[in-house]
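[1] Requesting a structural model of the entry that follows:
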Amino acid sequence: MGNSKSRENTTVIDRIAAQMKHFSLTNKKIADFVIHNKHEIGFASVTSLSQQVNVSKASVVRFAQAVGFEGFNEFKQAIQKELMQQLSPYSKVLCNDLDMLSKEKQLKKLVDNEIANLGKTLNALDVTIVMDIVEHMGKAGKIFVSGFGRNGPMAKKFIHSLRIITDKRIEQITGAVSDFSPALSSLAKGDIVFIMTLPSYSAEVFPLAEYVKKQKGFLCLLTDSPRCPIYDFADAVLLCESNSITLANSYVAIMAVTQVITDMFFLYCKKEGVRSVRTIWKMEEKGYDFQ
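    You can find the predicted model right below:
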């Protein structure tokens, strides 16, 4: 179990969250504690963990095995390793010894990592979920796209692509709550709101998600895992692998997913899309000079 290939590209917490609904009541109790106290687990013993969760030591061992490890020590070591890699971008560089490799091997390792991010994300795309999102985009009066902090450039690229293919009103949601409140005030029932957020998750996503649900909008979440704090708010979720060897996140996969959504939406409203694209081309040919 300890060498299972299915564990290579997912974190321990991700696997626990994915299995949560299948756990026994005891395992759910342990899982909930681990998810919310992962920084302590890396230094805990079977005895201390069993006492904190109020379960037997045997239950702790069985939980580790249920998640896919030989025993508790292997489980703990895996969490320790992940915590080291998540400390900072600098820690990642130090942990993976990239600087010790030749430039050719550095490039190959970085490329292979992004290919893995893309492969895992795109292979897991559910056509039913994607088409549900696209159909809501087609029916919505307005489309809102949010991206805060480092997620902002992704949102801008998505918005730019959508504006090329549709005449629908596209609103960008960014900045502080006071900044995006005017744009959000026009949100009506049935409008679709995209929230794009990768760790560390921005605090602004909380009031945004709550407001969308209150107004009965359709909330589409693009994030990295069920650990995202607004995961349960979303009407549709597309998970995007964000593993990076050096930086805090990789944005390759989430950008690919927005491209897929854009293309599928173009096909969904092909006549409108073709008309909009032709208009853009004519504007570019004229140099945006209408005199």
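[2] Please make it C-alpha for all contacts and neighbour counts, starting now.
    Noted.
[3] Helices of the protein, residue ranges please.
    Applying DSSP state H to the chain gives helices spanning 12-19, 25-36, 38-41, 46-53, 57-67, 72-86, 89-96, 103-123, 127-139, 152-165, 177-184, 205-214, 252-268, 270-285.
[4] By mean pLDDT, show me the worst of those helices.
    Lowest mean pLDDT within the helices of the chain: helix 89-96, at a mean of 52.
[5] Excluding covalently adjacent residues, which one is nearest to Phe63?
    Asn27 (5.9 Å; C-alpha to C-alpha, 6 or more residues apart in numbering).
[6] what about that neighbour, how many residues close to it?
    Using other C-alpha atoms under 10 Å, Asn27 is surrounded by 21 other residues.
[7] List just the one of the helices of the chain that sits closest to Thr223.
    Of all the helices of the chain, it is helix 252-268 that lies closest to Thr223, at 7.8 Å by C-alpha to C-alpha.
[8] Return the distance of that closest one from the chain's centre.
    Centroid displacement of helix 252-268 relative to its chain, using C-alpha atoms, centre = their mean, to the nearest Å, is 15 Å.
[9] Which positions within that helix qualify as buried?
    Residues 252-255, 257-259, 261-266, 268 are the ones in helix 252-268 that count as buried (16 or more other C-alpha atoms under 10 Å).
[10] tally of neighbours for Ala234?
    Neighbourhood size, Ala234 [other C-alpha under 10 Å]: 18.
[11] got the contact list for it?
    By C-alpha atoms under 8 Å, 6 or more residues apart in numbering, the contact list for Ala234 reads 209, 218-221.
[12] coming back round to it: can you lay out the buried residues of helix 252-268 as TSV showing distance to Ile79?
    Listed next are these as TSV, based on distance: C-alpha to C-alpha, whole Å:
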residue	distance to Ile79
Val252	25
Ala253	24
Ile254	25
Met255	28
Val257	29
Thr258	31
Gln259	33
Ile261	34
Thr262	37
Asp263	38
Met264	38
Phe265	40
Phe266	43
Tyr268	44
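[13] thinking again about what came up before, just the contacts of Ala234: which are in strands?
    Counting by DSSP state E, the part of the contacts of Ala234 found in strands is 218-221.
[14] Of the residues you listed, just say which sits nearest to Tyr201.
    Looking across the ones in strands among the contacts of Ala234 and measuring by C-alpha to C-alpha, the closest to Tyr201 is Leu221, at 12.2 Å.
[15] Quick check: the closest one touching Tyr231?
    Yes: between Leu221 and Tyr231 there is a contact at 7.3 Å, judged by C-alpha atoms under 8 Å.
[16] hey, what's in contact with both of the two?
    Looking at what touches both Leu221 and Tyr231 (by C-alpha under 8 Å, 6+ apart), the common residues are Val237.
[17] Of those two, which one has the most company?
    Neighbours of Leu221 and Tyr231, each counted by other C-alpha under 10 Å, are more numerous for Leu221; the result is 24 against 17.
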